[in-house]
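Student: quick one, fold the following:
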Amino acid sequence: MDMIAQADAEESDSSGIDALRANQDALVAATPGAQKALDLARRGPVMELTGPTLHHLVESMGGSFTMTKEELDALLKAQTDGRFTATNAELNALIKGAGPDGITEEDIRLLLPKTADAPPPKIDRDAPGKGRETADCPGLVYGSGKREICLPLGALSFADRAGSFTPGEKPSKAPFDFPENATGEPNYRNTYSADFISLGCNGELITQFTDNILVDVDGIDLYIFEIGPVVEKTQLAISADGENWIEVGEIEGARSDVDIGPFVNKGDKFPFVRLTNASNACGGNHAGADIDAIAAVGAEIRLSLDSALLFDVGKFEIKPEAEAALSDLAAQLENYGADIRVTVEGHTDSTGSAASNQTLSENRAKSVWANLSGKMSAVPEDVTIKGYGASRPVADNATEEGRAENRRVDILILPGKKGYLKE
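Tutor: Residues are numbered from 1 along each chain as shown. Model (predicted):
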């Protein structure tokens with residue numbers, strides 16, 4: 001091809017490209033939402049992130065913060081109702097532009113106006129929404145239609161702590177691999193709002209109830225808030241101590257409610273729940289079952305007293321300085337009415353012999369109830385006092401902090417007429 005012909009060809013190609021671009025610009029201008037869609041395709045989807053989830057995602061991308069998760073969460077809650085919106089491209093730019101110590105509070109503050117000005121997030125139709133009061137539920141109702149569930153203890157019903165998470169062979173991608181997103185009340189909005197955890201193929205999540213505890217009642221005892229049109233297959237197990245597990249079976253279908261009655265004894269109590277993804281269809285950003293929250297329908301309220309406040313080391317006599325706290329607790333118990341069922345449990349750490357720990361835990365439980373009942377005008381009749389020694393830890397006995405948390409007396413309350421005991 002001679003130079004003149006080549007120049008003509010290049011001019012023709014150029015004019016063709018220009019014409020194509022002009023047609024595209026005209027189409028975008030005439031089509032509502034087209035420019036937004038193009039921008040979204042270039043930058044990636046806008047994610048809705050909480051403080052802890054943002055912290056986790058940035059760390060998974062190789063970045064860091066000068067703030068803790070708790071400090072970042074407090075900042076966002078004070079400024080934008082706890083939310084931060086960004087695309088992956090914007091987060092990458094934030095990480096690259098940060099100083100040697102990581103992303104600072106000032107870096108985040110500069111981006112908060114964009115979050116504040118962002119339109120309200122899309123709410124999927126299967127989002128459970130906030131709990132609401134109804135005439136026939138003593139607590140709060142969550143969800144709608146076939147997925148509506150009454151939780152007698154309302155906001156106290158949910159798992160409070162993520163114990164451990166093993167992602168499995170095909171893990172979901174950050175930020176949808178953050179176990180803390182399965183704790184607290186359900187807050188799922190849409191698939192780009194990182195309010196849930198995707199377990200991944202064979203992924204395993206262990207959660208713990210701390211201000212309540214799972215028990216067997218008539219009917220449904222446990223409800224798993226899984227998002228999506230169909231509940232993906234998940235293996236469920238429960239435990240009293242986080243080590244010995246009772247396999248309850250698989251959850252799948254249109255609902256994810258469970259009756260633990262056939263697998264446990266009346267009066268058994270379970271603070272730990274384990275979910276293991278059992279579906280073969282998993283991969284991508286949201287691999288495996290997608291868990292928003294875990295609720296104890298059959299539940300007792302749990303009030304935990306630190307043994308260091310109540311007793312001297314190795315003793316079971318109530319210390320004088322504990323009287324004020326016990327008076328407050330007695331008044332709180334009276335507010336529930338006299339028709340409640342109360343269980344008083346004494347617990348120790350793992351130091352000392354099993355026999356001495358057992359005796360000490362029983363005596364401490366008896367001392368606490370003798371003190372509380374003496375302060376109440378109407379004493380419940382259905383009261384059980386137990387000592388468990390070191391057999392039911394709620395934290396790691398390998399650390400001083402964990403041992404201190406395990407030395408406790410728990411007051412467990414099953415509500416009466418205000419809750420769900422039958423008259």
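Student: and the protein, what are its domains?
Tutor: 3-43, 47-117, 140-297, 302-414 (automatic domain parsing).
Student: possible to save these as TSV with mean neighbour count?
Tutor: Using the backbone N, CA and C atoms, a C-beta is placed for each residue, glycine as well. Output for the domains of the chain, formatted as TSV (neighbours: other CB atoms under 10 Å):
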stretch	mean neighbour count
domain 3-43	10
domain 47-117	16
domain 140-297	20
domain 302-414	17
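Student: weakest of the ones you listed by average pLDDT?
Tutor: For the domains of the chain, mean pLDDT drops lowest on domain 3-43, to a mean of 51.
Student: ok, back up a step: put together CSV for the domains of the chain, with distance to D124 on each row.
Tutor: Output for the domains of the chain, formatted as CSV (distance: least, CB to CB, whole Å):
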stretch, distance to D124
domain 3-43, 18
domain 47-117, 12
domain 140-297, 5
domain 302-414, 33
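Student: the residue nearest to the spatial centre of the chain - nearest residue in space that isn't next to it in sequence?
Tutor: When CA atoms, centre = their mean is applied to the chain, the residue found nearest the centroid is T183 (0.9 Å). Once flanking residues are discounted, T183 sits nearest to A159: 5.3 Å by CB to CB, 6 or more residues apart in numbering.
Student: that neighbour reaches F272, doesn't it?
Tutor: No. Counting by CB atoms under 8 Å, A159 does not reach F272; the two are 9.2 Å apart.
Student: joint contacts of these two?
Tutor: Here A159 and F272 share the contacting residues 207-209, scored by CB atoms under 8 Å, 6 or more residues apart in numbering.
Student: list just the nearest of those to E405.
Tutor: E405 lies nearest to Q208 out of the shared contacts of A159 and F272, by CB to CB, at 11.5 Å.
Student: tell me which of the shared contacts of A159 and F272 fall in strands.
Tutor: 207-208 (DSSP state E).
Student: let me have the shared contacts of A159 and F272 in CSV, extended by distance to T343.
Tutor: Below are the shared contacts of A159 and F272 laid out as CSV (distance: CB to CB, whole Å):
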residue, distance to T343
T207, 22
Q208, 18
F209, 15
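Student: list just the nearest of the shared contacts of A159 and F272 to R392.
Tutor: Q208 (11.9 Å).
Student: could you give the bridge partners of the closest one?
Tutor: Per DSSP bridges, the residues bridged to Q208 are R161, F272.
Student: surely it touches I294?
Tutor: No. At 9.9 Å, Q208 does not count as touching I294 under the criterion of CB under 8 Å.
Student: shared neighbours, these two?
Tutor: Joint contacts of Q208 and I294 (CB under 8 Å, 6+ apart) are 159, 273.
Student: neighbouring contacts of the helix or strand hosting A365?
Tutor: Using DSSP states H and E, A365 sits within helix 354-374. Here helix 354-374 makes contact (CB under 8 Å, 6+ apart) with 305, 307, 310-311, 314, 316-318, 323, 326, 329-330, 333, 342, 344-348, 350, 352, 379, 383, 385-390, 409, 411.
Student: so which of those are in helices?
Tutor: 307, 310, 323, 326, 329-330, 333 (DSSP state H).
Student: for the host helix or strand of L110, C-alpha coordinates in PDB please.
Tutor: In the assignment (DSSP H and E), L110 maps to helix 105-117. The C-alpha coordinates for helix 105-117 follow below in PDB (Å, rounded to 0.1, in the frame of the first residue of the first chain):
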ATOM      1  CA  GLU A 105      -9.000   9.800  60.200                       C
ATOM      2  CA  GLU A 106      -8.500  12.900  58.100                       C
ATOM      3  CA  ASP A 107      -8.300  10.800  54.900                       C
ATOM      4  CA  ILE A 108     -11.700   9.200  55.800                       C
ATOM      5  CA  ARG A 109     -13.300  12.600  56.700                       C
ATOM      6  CA  LEU A 110     -12.400  14.000  53.200                       C
ATOM      7  CA  LEU A 111     -14.500  11.300  51.600                       C
ATOM      8  CA  LEU A 112     -17.500  11.400  54.000                       C
ATOM      9  CA  PRO A 113     -19.400  14.100  52.100                       C
ATOM     10  CA  LYS A 114     -19.700  11.700  49.200                       C
ATOM     11  CA  THR A 115     -21.300   9.100  51.500                       C
ATOM     12  CA  ALA A 116     -23.600  11.700  53.000                       C
ATOM     13  CA  ASP A 117     -24.800  12.900  49.600                       C
END
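Student: okay if I get the ones in helices among the contacts of helix 354-374 as CSV plus distance to L372?
Tutor: CSV is the format used below for the ones in helices among the contacts of helix 354-374 (distance: CB to CB, whole Å):
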residue, distance to L372
S307, 15
L310, 11
E323, 11
L326, 6
L329, 6
A330, 5
L333, 7
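Student: from those, pick the one nearest N397.
Tutor: So of these, ranked by how close each gets to N397 (CB to CB), first place is S307, at 14.1 Å.
Student: now do the contacts for that closest one.
Tutor: With CB under 8 Å, 6+ apart, S307 has these contacts: 348, 364, 407-409.
Student: now tabulate those in TSV and tack on distance to P121.
Tutor: Formatted as TSV, those follow (distance: CB to CB, whole Å):
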residue	distance to P121
T348	47
R364	49
R407	44
R408	40
V409	44
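Student: now intersect those residues with the strands, please.
Tutor: Reading strands off these with DSSP E, I get 408-409.
Student: mind picking the two most distant members of the contacts of S307?
Tutor: T348 and V409 (10.2 Å).
Student: which of the shared contacts of A159 and F272 lies closest to L57?
Tutor: Out of these, the member with the shortest distance to L57 (by CB to CB) is T207, at 20.7 Å.
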